[in-house]
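# Got a sequence here, can you build the structure:
(one chain, ligands or ions: 1)
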Amino acid sequence: MAAHVLVFPCPAQGHINCMLHFAAGLLDAGLHVTFLHTDHNRRRLGLAASVVEADSPRLRFLSVTDGLPDDHPRTAGDLVALVESMMTTTRVAYRALLASLRAGAPRDDGFPPVTCVVADGMLPFAINVAEELGVPALAFRTASACSFLAYLSVPKLVELGEVPVPAGADLDAPVRGVPGMEGFLRRRDLPSFCRGDDGTGGLHPMLKIIAEFSAHSCNARALILNTTASLERSALAHIAPHMRDVFAIGPLHAMFQQPAAGGALWREDDGCTAWLDSQADGTVVYVSLGSLAIISVEEFTEFLSGLVSAGHPFLWVLRPDMVGASQNAVLQDAIKAAGRGKARVVEWAPQRDVLRHRAVGCFLTHAGWNSTLESVAEGVPTVCWPFFVDQQTNSRFMAAVWGTGLDMKDVCERAVVERMVREAMESVELRRSAQALAQQVRQDIAHGGSSAEEFKRLVGFINELSISTRGSTPSPDKE
Ligand SMILES: O=c1ccn([C@@H]2O[C@H](COP(=O)(O)OP(=O)(O)O[C@H]3O[C@H](CO)[C@@H](O)[C@H](O)[C@H]3O)[C@@H](O)[C@H]2O)c(=O)[nH]1
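As a prediction, this is how the structure comes out:
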C-alpha cells in the first residue's frame, strides 16, 4: 500500500500554487494525496465538498473552515485576522478531519489512511496536531530560502539592534546578522515587517508571528523549500544546521504539471495569450503584482504613466481587489485609453504561459517567490517593485546576486518605472544573465540534477515515515 500524504497549504494563491505542483510530484511518484483547501477557497475554485480529481484518481480535494465570514477580504490588509482564525477555529476542524483519516479510523472513501502530513510552515498548528495524532509531519515553506533565513535570524538581528528598523533610519545601510548575506543585504532588503514596530518599540506583530512560525518549522521532521542550490546555495547551507533535514526542490512549477482542478482563485483570461500571439518577439512588458498586493490610485497612476512613457506594449493584471472593486472598471478603461491600442488588461492571467511566451520581453513584478521562480525558469528579466513580506529580499537577490533584475525598491514614481522598464527591455547583460540562470535551473530539475535527486530522496523519506506510521497504533485523540 502506497503512502498517503495530506498536503495543507496556507489559503493564499502563492502558497496553493507551489504546493499543488508539489502534490503533482507526489502523484507522479505513485503516492496518494489529499489536498486540503479552506471551505472559502474551495467554493471560489468551484470544487464540490469532497472531490477526486478526474485525471488523477489518487488525488482528492477536501476542505476545512478558515473561521472567517465569507465577505472578509482575506488580503494583505488583514492577514493577522486570517492567521488568528486559523490557529483557533481551523485547528479544531483540522484535528477532527485528520483523526478520521489516519490509520485505524473507520472509513469507506477508497483512499488508504493518511500516513504523513506536509503542512505549510505558516500553519504550525497543522504540524503539531498531526504529530499529536501520531501522523509524522513535514514543514513546507513557500517563500525563498533567503527570506526564511532572515526570519530565522530575527533573534540575532534584535540582539545586534538591527531590528526593528526605526522610522527615518537610513534604509541603504548594510545589515549584519543574516549569515552569508552581510556583503549585500541592506536594511531595506530585510523582510518588510522588520521595518516599523508594535507601537511600543517591540517587533511588528506580523514579524513576530512569521519569525515564531519559522523557528517552529525547525521542529518538523524535515523542511521542504521550493528552491534549488543554483539559486540559494549559501542560504541553504546556513539553514541546514537548524533543521532535522532539508529538501530543496524547485522550481516546482517547472518540475511537475499542476493538476487541472483546484488551482486559480481568479478566473483566468486566456484571451491574453491570443493578444500576445499578435505581438512581435520580446516587445511586451508583463505587469503583475501577484495575489495579495494592494496599491493606491496614486501608485496605479505612476505605474501607468511610466509604462506608457516607456513606449512598449504591455499586458497588465489588475485584480478586482487590487485598488478596490469599485474602481476597477474605471482603472481598466484608463489603462486601455492610455495604452492607445498597445495595452491589454486582465483580472487574472495564465502567468506561467505568459512568461513562456516569445512576445514577453520583461516582467514588472512585486517579486513574490513564485513569480520570481517563474521568471527565472523562463529567463525573463524583471523590474521589481517589492510590496511586502519576503519580496524585498527576493528583489535584492534578483538585482544584486543573480543580476537578472532591476530593483525599484519600494518607491513608485513614473520616471523610475519608465527608466527601469526601458533598461530591462534593452539591456543585453540582464537578458544574458537571466538566460544563463534559466539554463542552470534547467540542469537542476533535469534527470540527475540537484532538485530531481532531492525529490527522489524526499519520496524515499516519506515512504519510510509512512511504513513506520502504518506499523504504529494511533495515539488516543486528546480533544
Ligand atoms: O494573473 C496572475 C497573477 C499571478 N498568478 C500566479 O499567482 C502566483 C502568485 O504568487 P507569488 O508571485 O509568490 O505572489 P503572491 O501571490 O503575492 O504570494 C505570496 O506568497 C509567496 C510565497 O510564499 C510569497 O513569496 C509572496 O511574497 C506572498 O505575497 C504565481 O504562481 C503566479 O503565476 C497567475 O497565475 N496569474
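
# who touches the residue nearest to Ser144 when sequence neighbours are not counted in this structure?
Excluding its sequence neighbours, the residue lying closest to Ser144 (CB to CB, 6 or more residues apart in numbering) is Trp369, at 4.9 Å. Heads up, the C-betas are built off the backbone N, CA and C, glycines and all. Trp369 is in contact with 14, 142-144, 147, 226, 390, 394, counting by CB atoms under 8 Å, 6 or more residues apart in numbering.

# one more time with 10 Å, if that's ok
14-15, 18, 141-148, 225-227, 250-251, 290, 389-391, 393-394 (CB atoms under 10 Å, 6 or more residues apart in numbering).

# in the chain, what spans have low per-residue confidence?
Counting by pLDDT under 70, the chain has low-confidence residues at 1, 75-77, 262, 470-479.

# Give me the buried positions along the helix ranked longest in it.
Counting residues, the longest helix found in the chain (DSSP state H) is helix 450-471. Using 16 or more other CB atoms under 10 Å as the test for burial, helix 450-471 gives 450-452, 454-455, 458-459, 461-463, 465-466, 469.

# Alpha carbons only: can I get it in CSV?
The C-alpha coordinates for helix 450-471 follow below in CSV (Å, rounded to 0.1, in the frame of the first residue of the first chain):
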residue,chain,number,x,y,z
SER,A,450,20.0,18.5,-7.6
SER,A,451,16.3,19.2,-7.4
ALA,A,452,15.4,16.0,-9.2
GLU,A,453,17.6,14.0,-6.8
GLU,A,454,16.3,15.8,-3.7
PHE,A,455,12.8,15.0,-4.8
LYS,A,456,13.6,11.3,-5.1
ARG,A,457,15.2,11.4,-1.6
LEU,A,458,12.1,13.1,-0.2
VAL,A,459,9.8,10.4,-1.7
GLY,A,460,12.0,7.8,0.0
PHE,A,461,11.9,9.7,3.3
ILE,A,462,8.1,9.9,3.1
ASN,A,463,7.7,6.3,2.3
GLU,A,464,9.9,5.3,5.2
LEU,A,465,7.9,7.5,7.6
SER,A,466,4.7,6.1,6.2
ILE,A,467,5.8,2.5,6.8
SER,A,468,6.5,3.3,10.5
THR,A,469,3.2,5.2,10.8
ARG,A,470,1.2,2.2,9.5
GLY,A,471,3.0,0.0,11.9
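
# And it, how far out from the chain middle?
23 Å (CA atoms, centre = their mean, to the nearest Å).

# Name all residues that make contact with the residue in the stretch 251-400 of the chain that the ligand sits nearest to.
With CB to the nearest ligand atom, the shortest gap between the stretch 251-400 of the chain and the ligand falls at Gly368, namely 2.3 Å. Neighbouring residues of Gly368 by CB under 10 Å, 6+ apart: 13-14, 17, 142-144, 288-293, 374, 386-391, 394.

# From those, which land in strands?
Ser288 (DSSP state E).

# Go back to the contacts of Gly368 and keep what's next to the ligand.
Among the contacts of Gly368, the ones lying near the ligand by CB under 6 Å from any ligand atom are 13-14, 17, 142-143, 288, 290-292, 374, 389-391.
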